[in-house]
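[1] kindly return the folded structure for what I paste below:
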Amino acid sequence: MTDTLTRNNHLGGLFQTIQDELGQVEASLKRFGRSPNPLIAEVNAYLFQKSGKRIRPALLILCSKLAGYQGSEHIFWSALIEVIHTASLVHDDIIDNSALRRGQDTVHAKWGPNITVLLGDFLYIQSIALALKRKNYQVIDIIAEATSQMIEGELLEYYMSGRPDITESLYLEILGKKTASLFSASCQIGGMLGDPSSAFTSKLKEFGRYLGLSFQIIDDLLDFTGDEVTLGKPILSDLREGRITLPLIYCLGQVSSGDRAELAQVIQNRNVEKDFVQRVLGLVNGNGALDYAYGQAASYSQKAKDILLEFPKSDVQDALTLMADFVLQRKK
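    Residues are numbered from 1 along each chain as shown. I've put the predicted structure just below:
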């Protein structure tokens, strides 16, 4: 397993068995993005010009295969899940006042806040309209619940923005709603397409939740350890935007009262000038915070893999297991 991951330590390798279907998802996204409104068409073309990781669509496709699904509906739902994810990113960027995502200008930076809010709303509403036409109300219920959870998580995160008193349990609640809910929904929908039995789909739902938690903790960890060029944004961007993540939460609980007071002031003021960046990185590195955060991500990844052991051995099961390993080793 480790040798395979080393050879395929990129999503192209992990998704080799579903490349054709992911290509169909890309084609569907382009169709979804078309509009007689020239501004909507322009912004959508910009949003979907880069394929990104497409982890959520890939999870839905793989889970549908694990459940023995033979049809083509998984392409539609995979594309729809990606539209919802993209809408969430559009809103995230305007809330956080982010100028860059994946190394390119955000919609917010390129078109301004008014268009960005409306475009994000349009993508959400378009997703609902497209879903309703399919009349698969079980799947629609899952998507509606996940979308509601994502927005609730964003609101909770914004409420706790710049507050050094955030606890680890509250941080995990935010992650569970904001990130893991759509991972979970993607896996659950994939399973439901092939086998709507509650036992099967509930296992895949839980697998997706654990994978989503691991993914987001690593994402937050990379904000401290990643390379700015690879990440496509400055390090400590989360802190600049008032977001307090696990490495910093753990560090606050380990340092002296003086250092804690200093960190709290940096957090409240969102002061990440050069000297403060080095100070924050020094404190986080010196108190085991990075190892602790990675350990938590690894624990969730292992829980996801343990669930997969309940399924028959197959190439699809291997691909999903490798996904859990990849999440821990990714650099961006």
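
[2] pLDDT below threshold where in the protein?
    1-13, 50-51, 271 (pLDDT under 70).

[3] all strands for the stretch 51-200 of the chain, in order.
    Ranges of strands in the stretch 51-200 of the chain, per DSSP state E, counting those that start in this stretch, are 100-101, 104-105.

[4] any chance of the ones you listed in a markdown table, plus mean neighbour count and distance to residue 34?
    The way it works is simple: take the backbone N, C-alpha and C, and place the C-beta from them, glycine included. Formatted as a markdown table, the strands of the stretch 51-200 of the chain follow (neighbours: other C-beta atoms under 10 Å; distance: least, C-beta to C-beta, whole Å):
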| stretch | mean neighbour count | distance to residue 34 |
| --- | --- | --- |
| strand 100-101 | 18 | 23 |
| strand 104-105 | 13 | 21 |
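
[5] in CSV: those, plus distance to residue 209.
    Converted to CSV, the strands of the stretch 51-200 of the chain look like this (distance: least, C-beta to C-beta, whole Å):
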stretch, distance to residue 209
strand 100-101, 25
strand 104-105, 30
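
[6] and of these, who's closest to residue 262?
    Residue 262 lies closest, by C-beta to C-beta, to one member of the strands of the stretch 51-200 of the chain: strand 100-101, at 28.3 Å.

[7] quick one: strands adjacent to that closest one?
    Applying DSSP bridges to the sheet, strand 100-101 is found paired with strand 104-105 (antiparallel).

[8] roughly how far is the strand it pairs with from the heart of the chain?
    Its chain's C-alpha centre and that of strand 104-105 lie 18 Å apart, by C-alpha atoms, centre = their mean, to the nearest Å.

[9] neighbours of the closest residue in space to residue 59 that isn't next to it in sequence, just the number please.
    Computed as C-beta to C-beta, 6 or more residues apart in numbering, the closest residue to residue 59 that is not its neighbour in sequence is residue 186, at 4.5 Å. By the criterion of other C-beta atoms under 10 Å, residue 186 has 34 neighbours.

[10] got it, and residue 114?
    What residue 114 shows, counting by other C-beta under 10 Å, is a neighbour count of 9.

[11] out of the strands of the stretch 51-200 of the chain, which is closest to residue 58?
    So among the strands of the stretch 51-200 of the chain, strand 100-101 is nearest, using C-beta to C-beta, at 19.7 Å.

[12] longest helix in the protein, by number of residues?
    Secondary structure of the chain per DSSP state H: the longest helix is helix 198-225.

[13] for the helix or strand hosting residue 25, buried residues please.
    Secondary structure from DSSP states H and E places residue 25 in helix 19-33. Within helix 19-33, the residues scored as buried using 16 or more other C-beta atoms under 10 Å are 21, 22, 24, 25, 28, 29, 32, 33.

[14] against residue 15, how distant is residue 26?
    12 Å (C-beta to C-beta, to the nearest Å).

[15] what does residue 147 give?
    25 Å.

[16] next one: stretch 176-189 to chain centre, how far?
    Worked out by C-alpha atoms, centre = their mean, stretch 176-189 lies 9 Å from the chain centre.

[17] that older thread, which ones are touching the residue nearest to residue 59?
    The contact partners of residue 186, by C-beta atoms under 8 Å, 6 or more residues apart in numbering, come to 56, 57, 59, 60, 63, 78, 81, 208.

[18] go on, residue 92?
    Here residue 92 is in contact with 98, 154 (C-beta under 8 Å, 6+ apart).

[19] what residue lies at the spatial centre of the chain?
    What sits nearest the mean C-alpha location of the chain, by C-alpha atoms, centre = their mean, is residue 179, with 4.9 Å.

[20] so that residue touches residue 213, yeah?
    Yes. Using C-beta atoms under 8 Å, residue 179 is in contact with residue 213, at 7.5 Å.

[21] and residue 260, what does it touch?
    Residue 260 sits in contact with 164, 252, where contact means C-beta under 8 Å, 6+ apart.

[22] this completes my enquiry, with thanks.
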